[in-house]
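S.K.: the following block contains a protein sequence and its predicted model.
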Amino acid sequence: MSIVSCQELSLAYGVHALLDRASMSLEPGERVGLIGRNGSGKSSLLRIIAGLEAPDAGELRRQQGLRLVYVAQEPQLQGFATVFDAVAEGVAEARTLRRRFEAHAPGEDLDALQTRIELLDGWNWEQRVQEVLQRLALDPAAAVAALSGGQQKRVALAQALAASPDVLLLDEPTNHLDLDAIQWLEQLLAGFRGSVLLISHDRAFLDAVVTRILELDRGVLRSYPGHYAAFEQRKARELADEALAQARADKLLAQEEEWIRRGVEARRTRSVGRVQRLQQLRSQRAQRREALGSVRLELDRGEASGRIVAELQGVSKAFGDRQVVRELSTIVLRGDKVGILGPNGAGKTTLLKLLLGELAPDRGSVRQGSRLQVAYFDQMRAALDLEATLADTISPGSEWIEIGGARKHVSAYLGDFLFPPSRARSPVKSLSGGERNRLLLARLFARPANVVVLDEPTNDLDMDTIELLEQLLQDFPGTVFLVSHDRRFLDNVVTSTLAWESPGCWREFEGGVEDWLVQRQRLAQAVGAGATGAPTSGPAPTPTPAAIPPAPRAAAPAGARRKLSYKEQRELEQLPARIEQLEQEQRELTQALADPALYREQPRQVAAMRARFDAIEQELGAALQRWQDLEDLGPAG
């Protein structure tokens with residue numbers, strides 16, 4: 001039985017319909033991901049369900065006594081001095097009722113109060129708040145005003161969990177969270193006993209958390225069982241079918257138009273039935289809600305930079321007692337796509353400034369490449385003047401811009417980023433968060449650059465724009481520095497990763513997040529020191545059997561070591577090649593599974609390929625362990 005249901009909801013701002021007789025339901029224990037284009041009305045729907053906004057028409061039903069908590073995209077925690085105060089707001093009703101019960105005010109119905117307190121589990125609200133604070137690793141005495149965006153999001157989630165709701169409504173919960181916090185949130189939601197309805201554009205997060213996808217497309221809600229990857233496959237088939245149906249309708253309309261023209265010229269008489277049919281076709285075509293346009297991303301590449309973009313040798317940087325970078329050596333070449341990965345506060349921005357020569361190191365040397373033209377995307381959107389118009393933001397004082405040597409009108413260029421001409425003179429402050437990100441991308445791509453720096457570019461972007469941005473960056477011949485906590489985005493773009501491992505220690509890995517996780521795990525197994533070992537004097541090579549020393553073990557008794565047999569020696573010699581073969585097959589599978597065409601053209605092979613990928617992981621682990629065991633067993637025979 002549904003605990004929340006919406007029937008034929010309608011909501012419009014001006015002539016733009018966000019909800020067009022949209023219907024949905026939420027079942028007990030479900031975790032539903034709500035997706036759709038920026039500005040499609042997702043947040044409005046969530047606010048309607050939360051009771052914070054009213055639809056123009058339609059009906060919202062909620063199960064009687066349902067406890068529902070809404071966590072906004074940008075939590076508002078003003079008015080709370082400490083973290084404890086903010087989290088305790090989640091049990092505000094229980095606190096108030098218990099105080100009234102304990103005060104024994106004249107005329108108070110104590111039996112009714114007691115019943116309500118027990119229903120809210122309000123007798124031990126302090127214990128519940130403390131448990132949530134401990135579970136979320138929050139300092140109850142910390143000042144709310146001093147918290148980062150990610151910490152404030154964590155506090156807002158703690159506030160919601162303390163209320164013990166039946167339904168959690170979450171609007172972009174992963175924004176401002178680092179990778180560790182996102183993985184923590186995945187585990188938390190997977191173990192949550194109630195129902196969850198969340199908005200997110202993080203594809204890996206959706207795959208890990210949700211049991212159903214709800215898509216808001218052109219005012220209509222459509223439901224797809226399973227995680228996001230299953231939705232992608234089914235949606236691709238639907239879009240292909242829709243395009244075919246529209247092409248047939250357009251062809252039929254063209255045929256009827258031609259018949260009318262020939263009939264008028266030849267006979268000057270018309271078939272009333274066919275004319276009516278033509279009018280009906282025209283009306284249907286006019287009423288047919290076309291798919292929204294796609295963002296067209298084109299980057300002005302500027303002139304080529306020198307071969308070396310940045311070279312760091314033994315670079316260290318500290319602020320007071322806080323060591324941010326320690327003894328880092330690395331070389332970034334033209335065309336490299338470098339992901340920078342680390343928790344909030346680790347020093348990712350400082351590392352970027354060192355690489356770009358904007359900050360001098362305390363020790364070591366930084367050599368910058370020649371002819372660098374840097375375009376910078378700031379996650380805080382500091383580059384935007386809220387009072388300026390969209391057109392002036394792109395091309396101040398002129399109606400034309402040049403992209404790759406071609407002249408283009410600023411309204412047409414804004415149209416490539418889904419801004420209609422009517423909005424070219426609108427102020428930036430009128431835009432939503434996702435639209436501001438799109439505008440900043442438009443401004444970024446309008447300037448010649450051979451080095452692009454993107455700091456959390458996917459926040460607030462819809463999935464279509466994210467996928468197009470991925471393609472642009474893959475094809476871009478220049479150098480990219482990318483700071484992001486979107487695992488799928490990083491995996492689809494970067495060629496190497498600079499990952500934070502402990503205060504001041506940054507290690508270089510080949511590939512993206514998944515490659516980093518695998519390599520870190522193998523390195524931990526091989527050296528026995530964990531993934532956050534002592535800092536190195538430079539970038540660590542990709543762990544391979546030839547490069548990783550055997551893990552330290554307790555000293556063996558004198559008689560325990562022996563010469564390897566001929567068979568064991570042959571096995572030891574063949575293992576590195578076997579491991580390399582498995583790693584190569586895994587890389588090929590990773591590349592194939594990242595190609596959207598696979599899911600359209602060969603959907604039946606996806607499950608088998610994923611199963612093989614998992615099997616390779618086990619085979620690799622066994623091969624590495626056997627290699628290590630043989631190395632430890634004794635000298636070669």
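M.R.: Cool, got the structure.
S.K.: look up how far residue 100 lies from the residue nearest the centre of the chain.
M.R.: The centre of the chain sits closest to residue 202, judged by CA atoms, centre = their mean, with a distance of 2.9 Å. Distance of residue 202 to residue 100, given as CB to CB, to the nearest Å: 43 Å. For every residue, glycine as well, the C-beta is placed using N, CA and C.
S.K.: kindly report the same for residue 323.
M.R.: 53 Å.
S.K.: one more: residue 245?
M.R.: The gap separating residue 245 from residue 100 is 62 Å, by CB to CB.
S.K.: so the two - more neighbours on which side?
M.R.: Between residue 245 and residue 100, counting by other CB atoms under 10 Å, residue 100 is the more crowded of the two (15 against 11).
S.K.: A helix includes that one, no?
M.R.: Yes - according to DSSP: H, G, I helix; E, B strand; the rest coil, residue 100 belongs to a helix.
S.K.: I figured it hits residue 114, correct?
M.R.: No - the pair residue 100 / residue 114 is not scored as a contact, 10.7 Å apart, by CB atoms under 8 Å.
S.K.: next structured bit after the lowest-mean-pLDDT helix or strand in the chain?
M.R.: Lowest mean confidence among the helices and strands of the chain (mean pLDDT, DSSP states H and E): helix 272-287, at a mean of 50. Following helix 272-287 in sequence order, the next helix or strand is strand 308-319 (DSSP states H and E).
S.K.: can you name the element that comes right after that following strand?
M.R.: Per DSSP H and E, the first helix or strand lying C-terminal to strand 308-319 is strand 322-333.
S.K.: the stretch 1-150 of the chain: strands as residue ranges?
M.R.: Ranges of strands in the stretch 1-150 of the chain, per DSSP state E, counting those that start in this stretch, are 4-13, 16-26, 31-35, 57-62, 68-71.
S.K.: now tabulate those in CSV and tack on mean neighbour count.
M.R.: What follows is those, written out as CSV (neighbours: other CB atoms under 10 Å):
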stretch, mean neighbour count
strand 4-13, 17
strand 16-26, 19
strand 31-35, 23
strand 57-62, 14
strand 68-71, 20
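S.K.: closest one to residue 336 among these?
M.R.: Closest to residue 336 of the strands of the stretch 1-150 of the chain, according to CB to CB: strand 31-35, at 32.0 Å.
S.K.: partner strands of that closest one and their direction?
M.R.: strand 195-199 (parallel), strand 212-217 (parallel) (DSSP bridges).
S.K.: rewinding a little: which non-adjacent residue is nearest the residue nearest to the centre of the chain?
M.R.: Closest residue to residue 202 apart from its sequence neighbours, by CB to CB, 6 or more residues apart in numbering: residue 174 at 4.9 Å.
S.K.: tell me the secondary structure at that neighbour.
M.R.: Residue 174 ends up coil, using three-state DSSP.
S.K.: now stretch 507-518: buried residues?
M.R.: Neighbour counts over stretch 507-518 (16 or more other CB atoms under 10 Å) mark 507-509, 511-513, 515-518 as buried.
S.K.: ditto for stretch 323-336
M.R.: 323-330, 332-336.
S.K.: can you dump the C-alpha atoms of that stretch in PDB for me?
M.R.: Output of stretch 323-336 as PDB, limited to C-alpha atoms (Å, rounded to 0.1, in the frame of the first residue of the first chain):
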ATOM      1  CA  GLN A 323      51.000  20.400   6.100                       C
ATOM      2  CA  VAL A 324      49.100  20.500   2.800                       C
ATOM      3  CA  VAL A 325      51.600  19.100   0.300                       C
ATOM      4  CA  ARG A 326      54.800  17.300   1.300                       C
ATOM      5  CA  GLU A 327      57.600  16.300  -1.000                       C
ATOM      6  CA  LEU A 328      55.500  15.900  -4.100                       C
ATOM      7  CA  SER A 329      57.100  15.300  -7.500                       C
ATOM      8  CA  THR A 330      55.100  14.900 -10.700                       C
ATOM      9  CA  ILE A 331      55.100  15.900 -14.400                       C
ATOM     10  CA  VAL A 332      51.900  17.000 -16.200                       C
ATOM     11  CA  LEU A 333      52.200  16.800 -20.000                       C
ATOM     12  CA  ARG A 334      50.100  18.500 -22.700                       C
ATOM     13  CA  GLY A 335      46.900  16.500 -23.200                       C
ATOM     14  CA  ASP A 336      46.900  14.900 -19.800                       C
END
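S.K.: give me the distance from that stretch to the chain's centre.
M.R.: Between the centre of stretch 323-336 and the centre of its host chain there is 25 Å, according to CA atoms, centre = their mean, to the nearest Å.
S.K.: which parts of the stretch 351-500 of the chain are strands?
M.R.: In the stretch 351-500 of the chain, strands defined by DSSP E, counting those that start in this stretch lie at 363-368, 374-377, 400-403, 406-409, 451-455, 479-483, 496-502, listed in chain order.
S.K.: just put those in CSV and tack on mean neighbour count and mean pLDDT.
M.R.: Formatted as CSV, the strands of the stretch 351-500 of the chain follow (neighbours: other CB atoms under 10 Å; pLDDT from 0 to 100):
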stretch, mean neighbour count, mean pLDDT
strand 363-368, 14, 91
strand 374-377, 20, 81
strand 400-403, 15, 81
strand 406-409, 12, 84
strand 451-455, 22, 89
strand 479-483, 23, 92
strand 496-502, 22, 89
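S.K.: let me have those strands in JSON lines, extended by distance to residue 490.
M.R.: Shown next, in JSON lines, are those (distance: least, CB to CB, whole Å):
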{"stretch": "strand 363-368", "distance to residue 490": "24"}
{"stretch": "strand 374-377", "distance to residue 490": "15"}
{"stretch": "strand 400-403", "distance to residue 490": "27"}
{"stretch": "strand 406-409", "distance to residue 490": "31"}
{"stretch": "strand 451-455", "distance to residue 490": "11"}
{"stretch": "strand 479-483", "distance to residue 490": "7"}
{"stretch": "strand 496-502", "distance to residue 490": "7"}
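S.K.: and those: which comes nearest residue 186?
M.R.: Smallest distance to residue 186 across those (CB to CB): 19.3 Å, for strand 496-502.
S.K.: what pairs with the closest one, and is each one parallel or antiparallel?
M.R.: Counting by DSSP bridges, strand 496-502 is paired with strand 337-341 (parallel), strand 505-510 (antiparallel).
S.K.: closest one to residue 147 among those strands?
M.R.: When those are compared by CB to CB, strand 337-341 sits nearest residue 147, at 22.2 Å.
S.K.: tell me the mean pLDDT for that closest one?
M.R.: Confidence for strand 337-341, expressed as mean pLDDT, is 91.
S.K.: that strand vs strand 451-455, what angle?
M.R.: Our comparison of strand 337-341 with strand 451-455, counting by axes from the mean of the first three to the mean of the last three CA atoms, to 10 degrees, yields an angle of 20 degrees.
S.K.: cheers, nothing more for now.
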